[in-house]
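Undergrad: Structure here, sequence nowhere to be found:
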């Protein structure tokens, strides 16, 4: 719907539509890759026996709580990856001209809000860490989270632009048929 005509047209709106459609395909893939990056990161921490969190911060927790905490962590990771796959695949499909439900955009907004919280938390941690050995790790995590946030924002903006173009194209076609 609109995609066929946009390929033949070189007006500013059609060019922007094609660019945003390509953006949805490319960045949809990026969102999926960031989901798998989370799995790789957690697997690396587990294999290399790098602590994921510091139990000394939580005085009331002991080692017997570790399996429950790990199960919750893996469940949250699985949910994050699932949401990223849903958003990524739907963004790619919409970028290729298929009509998609708005549900993936709602998930995308959720990811944007979570990303804003994550970036804010990491910035705060960087200021608290000062010039310590953990600062580099925090800055690296901040870079990854900020990159993921930028991608999700760009996908949302591109999807809205593609949808606005399709609506305008439908209205234009309707007016041509009615008139």
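TA: Happy to help now that I have it. Worth saying up front: this structure is predicted, and the values here are computed from it rather than measured.

Undergrad: Select the longest helix from the chain.
TA: The longest helix of the chain (DSSP state H) is helix 134-178.

Undergrad: same question for it, mean pLDDT?
TA: Mean per-residue pLDDT for helix 134-178: 89.

Undergrad: packing partners for that helix?
TA: helix 3-8, helix 12-47, helix 66-95, helix 103-129 (3 or more C-beta pairs under 8 Å, 6 or more residues apart in numbering; DSSP states H and E). The C-beta positions use only the backbone N, C-alpha and C, and glycine is treated the same way.

Undergrad: Nearest the middle, which residue of the chain would you pick?
TA: Taking C-alpha atoms, centre = their mean, the centroid of the chain lies closest to residue 152, which sits 4.0 Å from it.

Undergrad: how about low-confidence regions in the protein?
TA: 1-8, 49-63, 133, 179 (pLDDT under 70).

Undergrad: try 90 this time
TA: The model of the chain has pLDDT under 90 over residues 1-14, 34-74, 76-77, 99, 122, 125-142, 144, 167, 169-179.

Undergrad: ok, back up a step: any idea how far the residue nearest to the centre of the chain lies from residue 159?
TA: Going from residue 152 to residue 159 by C-beta to C-beta, to the nearest Å gives 11 Å.

Undergrad: Would you format the helices and strands packed on helix 134-178 as TSV with distance to residue 147 and mean neighbour count included?
TA: Below are those laid out as TSV (distance: least, C-beta to C-beta, whole Å; neighbours: other C-beta atoms under 10 Å):
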stretch	distance to residue 147	mean neighbour count
helix 3-8	29	14
helix 12-47	8	17
helix 66-95	13	16
helix 103-129	10	15
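
Undergrad: any chance of those in CSV, plus distance to residue 174?
TA: Listed next are the helices and strands packed on helix 134-178 as CSV, based on distance: least, C-beta to C-beta, whole Å:
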stretch, distance to residue 174
helix 3-8, 14
helix 12-47, 17
helix 66-95, 22
helix 103-129, 24
